[in-house]
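Enquirer: show me the folded form of this:
(2 chains, ligands or ions: 2)
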Amino acid sequence: MSLLEIKNACLKLDNKNILNGVSLSINSGEVHAIMGPNGSGKSTLSYMLSGRDGYELESGEILLDGQSLSDMSADERARSGLFLAFQYPVELPGVGAMSFLREAVNSRRKFIGQEEFDHLAFVKEARKEASKMFVKDEMLKRAVNVGFSGGEKKKFEILQMAMLKPKVSILDETDSGLDVDALKIVSDGVNAQRSDDNAIVVITHYQRLLDYIVPDFVHILSEGVIIKSGGPELALEVEKNGYAGMINAA
Amino acid sequence: MVATQETINKVNEVGSAYKYGFVTDLESEKAPLGLNEDIVKFISSKKNEPKWLLDWRLKAYKKWLTMKEPDWAMVDFPKINFQDIYYYSAPKAKPKLNSLDEVDPELLKTYEKLGIPIKEQEMLAGVAVDYVFDSVSVATTFRDKLAKEGIIFCPISEAVQNHPDLVKKYIGSVIPMNDNYYAALNSAVFTDGSFVYVPKGVKCPMELSTYFRINEQNSGQFERTLIIVEDNSYVSYLEGCTAPQRDENQLHAAVVELVAMDDAEIKYSTVQNWYPGDKDGKGGIYNFVTKRGNCLGNRSKISWTQVETGSAITWKYPSCVLRGDNSVGEFYSVAVANNSQQADTGTKMIHIGKNTKSTIISKGISAGKAQNTYRGQVQIQKNAKGARNFTQCDSLLIGDKCGAHTVPYINQHTPSARVEHEATTSKISEDQLFYCLQRGLDTEQATSLIVNGFCKEVMKELPMEFAVEAQKLIGISLEGSVG
Ligand SMILES: Nc1ncnc2c1ncn2[C@@H]1O[C@H](COP(=O)(O)OP(=O)(O)O)[C@@H](O)[C@H]1O
Ligand SMILES: [Mg+2]
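Expert: Ligands and ions are numbered 1, 2, ... in the order given. The predicted model follows:
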């Protein structure tokens, strides 16, 4: 059984067809890359999977660990182990990053029947993970994403991923706005999470990120359908010829 | 911290219903219904008051008869029938209590339900609690420890007996009996409240705290609190309030007067979660409070911090009169209004002395059909050279049926003064909500987190254990307002 199964997903926004029958099967231990030009529906796909209001399926089905997600709210899906690293992480003024993280982690732990972290245990764990990402304590004392640089925002997303230990992580353009050094740190952070019990979906516009996070499979999304799937070499083809040739051929 | 944890746990258990909706079964002694001179005399004699105080009450009563209810606030409610209220009700307990064992067990149970067991409170070194049960203070703890420092902390009725000179000198000195309609009413019929006196050069070693509780049906609550802090002294006072659920609206008209001498500092914090009425606006407390601090001394400082989550109607403007040179006034406020609640609250900063400074941080949160108004006055009088005020007034709207209003009045009569006013209105964005949900927080948790973030600047002014409780209360009072 696949960990995440997307069957013929169709979705409209504002009466416009955005996803037109996306199918994808993702197994434990795999890393999939979804590439596609701007506006092809990549973020929409990630919102649909994570259950954002207004992104309900028109038809089709999604299964996480064999369980249908359609009737589950966004927070239930999250607690069940679905994680989305946002393309544009959202600012929460006045909400301390550390306490936000703790509340999130404890919600997930409670849901899966693990003991909630007490304050000290949590801080210890968070610091350990943060230092791997070169995230300073000082940053965790600030409000969530408020005044964070582009790089800090993305590091914080991956730090949350590391702490939440999701089954399926969707990383939406995690490389955007990162310089080479930050890209390396963030990628190392993601790679450290790769394991046989989880799966990662990397959404990206550029091939560059895939030099650091090497995927097992690459899919090309265009106008809301996957027009081609293959191995890492497909990303290189995009890099060489652009999307246009591929889309025309399809 | 036991009691605090207990309180937090209690609050955590609360569903969407108002938690404190129980009525203690106590025999009570009441004055007859309604108000006239005889009732004023009855209250005074019940409390064994000296003649000067009775005369003072009667004078206030006569003034009240000539006054009219204020109608300028942005609140709307049926006219109150002042003859349909009991002005005195006391639980029948033993008159003198030597230890907590003598306190009516029913009463102790009530406090336990409120999450503030007296026994635990006693152990909670650092907090002394003066309980007000309806109209009579029942038990006061920690008085011995305070007495060693020369600090007086007792029910005001007791202060009238034991420290008449202090009471006589200061009562009505900050809020004259005819200051406003409700203050006049309070002056005539006030039943009890707290009295605090801190002598020169003493830093009060613990937070002083009162939990008010309205219990008797149709009994108006008219507390009177007086706090006097002498030169170079400091006190932090906490006021927490809950009231059981009732169908009929209950009137609450308290008066709080603070006096700070040279280099004295008073920190007054309130967490108010009186019954707000049901979703349709039935029932709930009418809260018409007059609170004012007099920064009489040079370099004195008075700081009001309030978290207002309850009451059907809140009409409340804790103010500072900055008389001493270089004195400082602060007002930090969070006002939450949900469903049919109406809050009209704010402050007055009256700058009289030179280089006086005031800061106003107001955070208004509206949800449901609620109306939330900030009304603030900054007055810089002629001699207040170099005076400064900074006002920040933020409103957060949850949903689209509620309203937020900001009404600043600025009167500046001194060119060298500087007055700054900033105001913002925002909504909880769908992006913020989704971000939280995606991290596994449910809608209530997410709302509470975002709202508490919005209030952070005010919350950090509250003493630690109060802040935690206040945060939970804000969460509770907004339950069901999103999604
Ligand atoms: N709320 C919306 N209403 C209508 N159309 C939308 C909405 N959000 C996105 N779209 C459209 O959906 C398409 C896919 O957008 P998106 O998923 O953000 O693409 P990508 O992430 O691949 O760049 C675009 O044409 C965009 O204009
Ligand atoms: Mg996108």
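
Enquirer: only C-alpha atoms from now on, for both contacts and neighbour counts.
Expert: Will do.

Enquirer: helix or strand with the lowest mean pLDDT in chain B?
Expert: Comparing helices and strands within chain B by mean pLDDT, DSSP states H and E singles out helix B:2-13 as the least confident, with a mean of 38.

Enquirer: and residue A:24, what helix or strand is that in?
Expert: With elements delineated by DSSP states H and E, residue A:24 resides in strand A:16-26, which encompasses its position.

Enquirer: what are the pairing partners of the helix or strand that comes right after that strand, and which direction each?
Expert: Past strand A:16-26, further along toward the C-terminus, the next helix or strand under DSSP H and E is strand A:31-35. Partner strands for strand A:31-35, per DSSP bridges, with pairing direction: strand A:199-204 (parallel), strand A:217-222 (parallel).

Enquirer: what comes up buried for the first one?
Expert: It stands for strand A:199-204. Applying a neighbour-count criterion of 16 or more other CA atoms under 10 Å in any protein chain shown, one finds A:199, A:200, A:201, A:202, A:203, A:204 buried in strand A:199-204.

Enquirer: in what helix or strand does the closest residue to residue A:116 other than its chain neighbours lie?
Expert: With CA to CA, 6 or more residues apart in numbering or on different chains as the criterion, residue A:116 has its nearest non-adjacent residue at 5.1 Å, and that residue is residue A:106. Using DSSP H and E, the secondary-structure element containing residue A:106 is helix A:97-111.

Enquirer: check residue B:165 too.
Expert: With the criterion set as DSSP H and E, the secondary-structure element containing residue B:165 is helix B:164-170.

Enquirer: tell me which residues of that helix are tucked away?
Expert: Neighbour counts using 16+ other CA under 10 Å place B:164, B:167, B:170 of helix B:164-170 among the buried residues.

Enquirer: export those as JSON lines, with columns for pLDDT.
Expert: Rendered in JSON lines, the data for the buried residues of helix B:164-170 read as follows (pLDDT from 0 to 100):
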{"residue": "B:164", "pLDDT": "96"}
{"residue": "B:167", "pLDDT": "96"}
{"residue": "B:170", "pLDDT": "97"}
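
Enquirer: make JSON lines out of the strands paired with strand A:31-35 and add distance to residue A:177 and mean pLDDT.
Expert: As requested, those are arranged in JSON lines below (distance: least, CA to CA, whole Å; pLDDT from 0 to 100):
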{"stretch": "strand A:199-204", "distance to residue A:177": "12", "mean pLDDT": "96"}
{"stretch": "strand A:217-222", "distance to residue A:177": "22", "mean pLDDT": "95"}
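
Enquirer: residue in chain B nearest to chain A?
Expert: Each residue of chain B has a distance to chain A, by CA to the nearest CA, and the smallest belongs to residue B:453, at 3.7 Å.

Enquirer: report the contact partners of the most centrally placed residue in chain A.
Expert: Against the mean C-alpha coordinate of chain A, by CA atoms, centre = their mean, the closest residue is residue A:170 at 2.0 Å. Residues in contact with residue A:170, defined by CA atoms under 8 Å, 6 or more residues apart in numbering or on different chains, are A:46, A:82, A:83, A:84, A:85, A:200, A:201, A:202, A:203.

Enquirer: I figured the last one was touching residue A:175, is that so?
Expert: No. Contact criterion CA atoms under 8 Å: residue A:203 and residue A:175 do not qualify, at 9.2 Å.

Enquirer: check which residues of the helix or strand of chain A with the lowest mean pLDDT are buried.
Expert: When the helices and strands of chain A are scored by mean pLDDT, DSSP H and E, helix A:233-249 comes last with a mean of 83. Neighbour-count burial for helix A:233-249, with 16+ other CA under 10 Å as criterion, is recorded at A:234, A:235, A:236, A:238, A:243, A:247.

Enquirer: check which helices and strands it sits against.
Expert: For helix A:233-249, the elements it packs on are strand A:217-222, judged by 3 or more CA pairs under 8 Å, 6 or more residues apart in numbering or on different chains; DSSP states H and E.

Enquirer: which helix or which strand is home to the residue lying closest to residue B:461 once chain neighbours are set aside?
Expert: The shortest distance from residue B:461 to any non-neighbouring residue, by CA to CA, 6+ apart, is to residue B:305 (6.8 Å). Taking DSSP H and E as the definition, one finds residue B:305 inside strand B:301-308.

Enquirer: what mean pLDDT does the very next helix or strand once past that strand have?
Expert: Sequence-wise, the next helix or strand downstream of strand B:301-308 (DSSP H and E) is strand B:313-316. Here strand B:313-316 scores 84 as its mean pLDDT.

Enquirer: what lies in contact with strand B:313-316?
Expert: B:73, B:75, B:276, B:284-291, B:341-347.

Enquirer: pairing partners for the strand holding residue B:305, with directions?
Expert: Strand pairing for strand B:301-308, using DSSP bridges, gives strand B:265-272 (parallel), strand B:328-337 (parallel).

Enquirer: dump these to JSON lines, plus mean neighbour count and mean pLDDT.
Expert: Formatted as JSON lines, the strands paired with strand B:301-308 follow (neighbours: other CA atoms under 10 Å in any protein chain shown; pLDDT from 0 to 100):
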{"stretch": "strand B:265-272", "mean neighbour count": "24", "mean pLDDT": "91"}
{"stretch": "strand B:328-337", "mean neighbour count": "28", "mean pLDDT": "92"}
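
Enquirer: so which of the ones you listed comes closest to residue B:414?
Expert: Put simply, out of those the one that sits nearest residue B:414 is strand B:328-337, at 17.6 Å, with distance taken as CA to CA.

Enquirer: chain center to that closest one: distance?
Expert: For strand B:328-337, the separation from the chain centroid amounts to 11 Å (computed by CA atoms, centre = their mean, to the nearest Å).

Enquirer: contacts for stretch B:410-424?
Expert: Counting by CA under 8 Å, 6+ apart, the neighbours of stretch B:410-424 from elsewhere in the structure are B:377-395.

Enquirer: from these, list the buried ones, please.
Expert: When neighbours are counted using 16+ other CA under 10 Å, the contacts of stretch B:410-424 contain these buried positions: B:377-381, B:384-391, B:393-395.

Enquirer: taking the residues you listed, tell me the two that lie furthest apart.
Expert: In these, two members sit farther apart than any others by CA to CA. They are B:385 and B:395, at 31.7 Å.

Enquirer: need the pLDDT of residue B:405.
Expert: Looking at residue B:405 specifically, the model assigns a pLDDT of 85.

Enquirer: residue B:240 - how many residues pack around it?
Expert: If you count neighbours by other CA atoms under 10 Å in any protein chain shown, residue B:240 ends up with 18.

Enquirer: and for residue B:41?
Expert: By the measure other CA under 10 Å, the count of residues near residue B:41 is 18.

Enquirer: and it, that one's in a strand?
Expert: No. Counting by DSSP: H, G, I helix; E, B strand; the rest coil, one finds residue B:41 to be helix, located in no strand.

Enquirer: what's near enough to touch residue B:252?
Expert: When contacts are counted by CA under 8 Å, 6+ apart, residue B:252 is found next to B:220, B:221, B:222, B:285, B:286, B:287, B:288, B:289.

Enquirer: if we can go back for a sec, so which of the buried residues of helix A:233-249 is the closest to residue B:66?
Expert: Using CA to CA, residue A:243 is the member of the buried residues of helix A:233-249 that sits closest to residue B:66, with 84.0 Å.

Enquirer: surely that closest one is in contact with residue A:35?
Expert: No. The criterion here is CA under 8 Å, and residue A:243 misses it with residue A:35 at 9.2 Å.

Enquirer: quick check: domain ranges of chain B?
Expert: In the assignment given by automatic domain parsing, the structural domains of chain B cover B:48-96+B:130-316, B:98-126.

Enquirer: hey, which of those is tucked in deepest?
Expert: Taking mean count of other CA atoms under 10 Å in any protein chain shown as the contact definition, the stretch among the domains of chain B with the greatest mean neighbour count is domain B:48-96+B:130-316, which reaches a mean of 21.

Enquirer: that concludes my questions; thank you for your assistance.
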